[in-house]
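>>> Here is my input; please provide its structure:
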Amino acid sequence: MKMAEQERDPLLIAPCGMDCMVCYRHCACKKPCEGCRSSGQNKPGHCRKCEIKNCAAEKGLVYCAECPGYPCRKLENLENLYTRRYGISLMEQGRFVRACGEAAFLDRERKRYACPACGGVVSLHDAQCSECGLEWKLPEC
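Okay, here's the model as predicted:
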């Protein structure tokens, strides 16, 4: 899928700050995951039963950054994992969405994860383009 062809749906922004559009599950599958906030069933089991997503939903929140108890231990653990493995801060992304809005976040993500060679979507998890298959070093946050 080409990044420019993708309609950027705010439902693809997870409560934790993850952009589901650049998740390996969305990029690599013939039937891509519709994002963790969607009601669709075409997503990994760990996303369907995600405690962070479910906590936000139970509290009536869209994003964790809206919670008075932000950040919680579960989010801090996920943050540590993503910072260490992928070099991004989900908490910074969540704060950006809250401060600047969904459209600004999605525009920033489009620029960050568009394959410079072909315009495909570069997966955050494996740094591989969904179109040409080339691996790219993703820019730091």
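>>> Confidence-wise, which helix or strand of this structure is lowest on average?
Comparing every helix and strand of the chain by mean pLDDT, DSSP states H and E singles out helix 24-28 as the least confident one, with a mean of 74.
>>> Identify the residue nearest Asp107 in space, chain neighbours excluded?
Once flanking residues are discounted, Asp107 sits nearest to Arg8: 7.8 Å by Cβ to Cβ, 6 or more residues apart in numbering. No exception for glycine: its C-beta is placed from N, CA and C like everyone else's.
>>> Just the CA trace of the helix or strand Glu79 falls within, in PDB.
For Glu79, the element it lies in under DSSP states H and E is helix 73-86. Only the C-alpha atoms of helix 73-86 are listed here, as PDB (Å, rounded to 0.1, in the frame of the first residue of the first chain):
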ATOM      1  CA  ARG A  73       2.600   1.500  35.100                       C
ATOM      2  CA  LYS A  74       1.300  -0.500  32.100                       C
ATOM      3  CA  LEU A  75       1.900   2.400  29.700                       C
ATOM      4  CA  GLU A  76       5.400   3.000  31.200                       C
ATOM      5  CA  ASN A  77       6.300  -0.600  30.600                       C
ATOM      6  CA  LEU A  78       5.100  -0.400  27.000                       C
ATOM      7  CA  GLU A  79       7.000   2.900  26.600                       C
ATOM      8  CA  ASN A  80      10.200   1.300  27.800                       C
ATOM      9  CA  LEU A  81       9.800  -1.500  25.300                       C
ATOM     10  CA  TYR A  82       9.100   0.700  22.400                       C
ATOM     11  CA  THR A  83      11.900   3.100  23.300                       C
ATOM     12  CA  ARG A  84      14.400   0.300  23.600                       C
ATOM     13  CA  ARG A  85      13.300  -1.800  20.600                       C
ATOM     14  CA  TYR A  86      12.100   0.800  18.100                       C
END
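>>> Below-threshold pLDDT in the chain: ranges please.
Low-confidence regions of the chain, defined here as pLDDT under 70, cover residues 1-7, 28-30, 138-141.
>>> what are the phi and psi angles of the residue nearest the centre of it?
Taking Cα atoms, centre = their mean as the criterion, Asp19 is the residue nearest the geometric centre of the chain, at 1.7 Å. Summarising the backbone geometry of Asp19 under the convention degrees, to the nearest 10, its torsions are phi -90, psi 100.
>>> Thanks again, I'm all set now.
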